[in-house]
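just need the structure, nothing else, for what follows:
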Amino acid sequence: MIIPGSAQDLCDAVADALREGARLEIRGGGSKAAFGAPRDARIVSMAAMAGVIDYDPAELVLTVRAGTPLADVEALVAGEQQMLAFEPFDHGPLFGAPAGAATIGGVVAAGVAGSRRVTAGGARDHLLGFTAVSGRGETFVAGARVVKNVTGYDLPKLMAGSWGRIGAMTELTLKVLPRPRMAVTVAIEGLDCCAAHAAMARALGSHADVSAAAHVPKGPDRARAITLFRLAGFPPSVEARAAVLPVLLADHGALRRLDTTEAAALWHTAGAAAGLAGAVLWRLHLPPAAAPGAVAALEPFGPRWSLDWGGGLVWLALDDETPAAAEQVRAAAAAAEGEAMLVRAPASLRAVVPAQHPRAPLVAALEERVRRAFDPAGVFEIGRFEIARSGG
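Residues are numbered from 1 along each chain as shown. Have a look, this model is predicted:
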């Protein structure tokens with residue numbers, strides 16, 4: 001394992017890989033190491049490139065090294081009554097590992113966002129700038145350390161969610177936001193998937209200013225399905241909106257306010273797929289109105305599932321480890337004009353089913369051109385998102 005202590009060390013590692021025809025897999029804490037196809041590459045750990053570079057709470061701007069643990073970043077900004085508004089989470093528990101390994105560089109590179117994304121945006125909307133090392137072994141900088149910036153190409157939008165295929169980030173500048181003074185979760189119990197989507201759509205489109213909406217069906221530890229609505233802001237505003245929401249949703253059922261502990265557990269289930277048991281875990285991005293139909297189409301496979309982002313995100317856990325089941329999941333997502341990402345699966349399935357939803361030819365060609373511009377020799381093309389092709 002290569003453990004660079006500086007951007008120059010990382011440049012040297014890329015230069016060595018170029019000379020030797022090797023491939024480099026950039027890792028933060030390794031919380032998502034089991035994501036994607038099995039592969040053979042040199043591991044580059046960013047663990048030594050951690051720490052805060054600059055934090056100006058008054059300006060709502062934070063600059064950190066990429067290997068800084070996510071938990072440390074969240075604790076730092078929470079101490080100033082601020083937050084990462086895209087609500088990232090640690091993937092480690094999804095793969096049977098303890099929480100705490102996720103890094104800020106890893107969650108941004110993977111585009112990780114939680115329940116608040118539906119109103120606050122994703123990681124790409126909060127990444128102001130970065131420093132990275134390209135596949136040419138050169139350091140480059142994009143964006144800026146200010147919130148208002150219109151200079152140059154908007155490379156942070158490309159880097160967030162790129163999974164390290166454009167370059168290896170060494171520093172990130174993020175926009176942070178004030179933490180709400182008060183957050184309340186109210187819920188309706190007993191709705192089916194269609195009714196839950198209708199209620200979430202009504203709430204999110206209303207003047208109640210709901211910041212997140214999700215639905216968790218009944219299960220072994222839950223006798224009835226529950227649909228969640230989060231209200232956040234200044235206490236008088238939250239209380240006023242909490243009083244309005246039951247009137248807006250009167251046709252859907254009675255609302256009850258959840259205590260903090262129960263609400264946190266349910267949001268974790270909806271946003272981070274906590275407790276969704278199954279050898280295979282899918283993440284479906286769909287038009288919210290299409291979520292009930294996609295879930296219904298996959299009922300023969302006996303899935304466990306939850307909805308987030310008002311139905312725009314479906315977590316789907318299956319016991320069926322066959323490629324045929326994977327094809328059905330992808331087909332259901334495509335029929336709904338969405339896409340399905342394979343998050344967790346045995347190595348045998350990951351070897352034959354690509355993690356990302358297949359791209360349209362023109363989109364795939366454009367992505368390839370962008371990657372080659374930063375990584376012409378494919379140093380960061382480790383095969384994570386490709387499947388092995390047999391020769392003939």
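
only C-alpha atoms from now on, for both contacts and neighbour counts.
Fine.

might you list the low-confidence residue ranges for the stretch 51-200 of the chain?
145-153 (pLDDT under 70).

now the strands for it?
52-56, 61-65, 82-83, 127-134, 139-143, 167-175, 177-178, 182-189 (DSSP state E, counting those that start in this stretch).

name every strand pairing with the longest one and say which way it goes.
This means strand 167-175. strand 61-65 (antiparallel), strand 127-134 (antiparallel) (DSSP bridges).

and the helix or strand that contains Ala264, what's buried?
For Ala264, the element it lies in under DSSP states H and E is helix 260-272. By 16 or more other Cα atoms under 10 Å, the buried positions in helix 260-272 come out as 263, 266-267, 269-272.

what's that helix packed up against?
Contacts defined by 3 or more Cα pairs under 8 Å, 6 or more residues apart in numbering; DSSP states H and E place helix 260-272 against strand 182-189, strand 212-216, strand 304-308.

about what we covered before: Throw the buried residues of helix 260-272 into JSON lines and include pLDDT and distance to Ala212, thanks.
Below are these laid out as JSON lines (pLDDT from 0 to 100; distance: Cα to Cα, whole Å):
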{"residue": "Ala263", "pLDDT": "95", "distance to Ala212": "12"}
{"residue": "Leu266", "pLDDT": "94", "distance to Ala212": "12"}
{"residue": "Trp267", "pLDDT": "95", "distance to Ala212": "9"}
{"residue": "Thr269", "pLDDT": "90", "distance to Ala212": "14"}
{"residue": "Ala270", "pLDDT": "92", "distance to Ala212": "11"}
{"residue": "Gly271", "pLDDT": "91", "distance to Ala212": "10"}
{"residue": "Ala272", "pLDDT": "92", "distance to Ala212": "14"}
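
okay, the helices and strands packed on helix 260-272, which one's buried deepest?
Highest mean neighbour count among the helices and strands packed on helix 260-272 (mean count of other Cα atoms under 10 Å): strand 212-216, with a mean of 29.

got the CA positions of it in PDB?
Output of strand 212-216 as PDB, limited to C-alpha atoms (Å, rounded to 0.1, in the frame of the first residue of the first chain):
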ATOM      1  CA  ALA A 212     -37.000  16.000   3.800                       C
ATOM      2  CA  ALA A 213     -39.600  13.300   3.100                       C
ATOM      3  CA  ALA A 214     -39.100   9.500   3.200                       C
ATOM      4  CA  HIS A 215     -41.100   6.300   3.600                       C
ATOM      5  CA  VAL A 216     -40.200   3.100   5.400                       C
END
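
what is that strand packed up against?
By 3+ Cα pairs under 8 Å, 6+ apart, strand 212-216 packs against helix 117-120, helix 193-204, strand 226-233, helix 260-272, strand 304-308.

wait, which of those is closest to Ile53?
Of all the helices and strands packed on strand 212-216, the one in closest proximity to Ile53, counting by Cα to Cα, is helix 117-120 (24.9 Å).

counting by contacts, list what that closest one packs against.
strand 212-216.

what sits up against the strand it packs on?
Residues from elsewhere that reach strand 212-216 (Cα atoms under 8 Å, 6 or more residues apart in numbering): 115-119, 193, 196, 200, 204, 225-231, 266-267, 269-270, 305-311.

may I see the helices and strands packed on strand 212-216 arranged in CSV, with distance to Ser134 as well?
Formatted as CSV, those follow (distance: least, Cα to Cα, whole Å):
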stretch, distance to Ser134
helix 117-120, 29
helix 193-204, 41
strand 226-233, 40
helix 260-272, 31
strand 304-308, 35
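
what's the distance between the most centrally placed residue in the chain and Trp163?
Residue closest to the average C-alpha location in the chain (Cα atoms, centre = their mean): Val112, at 2.1 Å. To Trp163, Val112 is 11 Å away according to Cα to Cα, to the nearest Å.
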